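K.L.:
The amino acid sequence is not available; the structure is as follows:
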């Protein structure tokens, strides 16, 4: 990969689509497997991508998830069109959730999604405009494990 | 312990994954919270859950879990079973409760997954 252009791919996520939710993250996981990335990196990227994808499905109207891979790191960018987050600090608190009963019955919305994303990424940034959108950026360092 | 032994101990019915019965299961997790499930991962791990929707299987696929035991006699949909086959995850169902299932497995040497509570 070194010396080559970064690999990029964008996935569309549909809000409320619980049947297909997670498919984009599994595709990203499979891309990383195909290029022979380190299993620990694959696990962390897949978990963060899946949590972020589920957040779009659970709360937003629609979203895009972009994966960028270069020699040094993997970046995931997720941007949705949705209600936004009123208090990001509160949303980052483990256990805090605004999920509906329907979402909770499916095993999600326990308030661990954003903390899980932060825990699994080397760099995590979240920005939100209330009533409009939420943007997440996650970076995973490759530490020379992928060349 | 093999998945076959777990199947016998919990008096399970195998729903799919007969080729997985010789997998060596070392540890297990019991949860109905998917974010919790994502906090433990790796080969040879088993999930006990009362949830039967397709997202349980996607979560297990992401977390690298090889087999799922549905407790309390829960029956997954055909869609859930199909996704499990596609993801190479064995599915079993038992009439036992979550508590009894965990107790039997623990008494027979299956350990819980250690999770760093600080994370």
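P.N.:
Looks like it came in fine. Keep in mind it's a predicted model, so treat the numbers as computed, not measured.
K.L.:
is chain B contacted by the helix or strand hosting residue A:45?
P.N.:
If you go by DSSP states H and E, residue A:45 is part of helix A:39-59. Yes: residues of helix A:39-59 are located near chain B by CB under 8 Å from any CB of the partner chain, namely A:43, A:46, A:47, A:50, A:51, A:54. C-betas here are computed from N, CA, C, even on glycine.
K.L.:
helices or strands up against the worst-scoring helix or strand of chain A on mean pLDDT?
P.N.:
Between all helices and strands in chain A, the lowest mean by mean pLDDT, DSSP states H and E belongs to helix A:101-105, at a mean of 89. If you count contacts as 3 or more CB pairs under 8 Å, 6 or more residues apart in numbering or on different chains; DSSP states H and E, helix A:101-105 packs onto no helix or strand.
K.L.:
follow-up on the earlier one: for my notes, please list the residues of helix A:39-59 next to chain B in a markdown table and give pLDDT, distance to residue B:58 and neighbour count for each entry.
P.N.:
Formatted as a markdown table, these follow (pLDDT from 0 to 100; distance: CB to CB, whole Å; neighbours: other CB atoms under 10 Å in any protein chain shown):
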| residue | pLDDT | distance to residue B:58 | neighbour count |
| --- | --- | --- | --- |
| A:43 | 92 | 15 | 20 |
| A:46 | 96 | 11 | 25 |
| A:47 | 95 | 12 | 24 |
| A:50 | 97 | 7 | 30 |
| A:51 | 96 | 12 | 27 |
| A:54 | 96 | 9 | 26 |
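K.L.:
Would you indicate which residues of the helix or strand just after the helix holding residue A:45 are buried?
P.N.:
Next along the chain after helix A:39-59, taking DSSP H and E as the criterion, comes strand A:62-69. With burial defined by 16 or more other CB atoms under 10 Å in any protein chain shown, the residues of strand A:62-69 counted as buried are A:62, A:63, A:65, A:67, A:69.
K.L.:
Columns pLDDT and distance to chain B on top of these, output as JSON lines?
P.N.:
Putting those into JSON lines (pLDDT from 0 to 100; distance: CB to the nearest CB, whole Å) gives the following:
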{"residue": "A:62", "pLDDT": "98", "distance to chain B": "19"}
{"residue": "A:63", "pLDDT": "98", "distance to chain B": "17"}
{"residue": "A:65", "pLDDT": "98", "distance to chain B": "14"}
{"residue": "A:67", "pLDDT": "98", "distance to chain B": "15"}
{"residue": "A:69", "pLDDT": "96", "distance to chain B": "18"}
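K.L.:
Name the nearest of these relative to residue B:92.
P.N.:
Using CB to CB, residue A:65 comes nearest to residue B:92 of the buried residues of strand A:62-69, at 33.0 Å.
K.L.:
Specify which member of the residues of helix A:39-59 next to chain B is nearest to residue B:7.
P.N.:
Of these, the one sitting nearest to residue B:7 (CB to CB) turns out to be residue A:43, at 27.3 Å.
K.L.:
hang on, that closest one packs against residue B:61?
P.N.:
No: at 11.7 Å, residue A:43 does not count as touching residue B:61 under the criterion of CB atoms under 8 Å.
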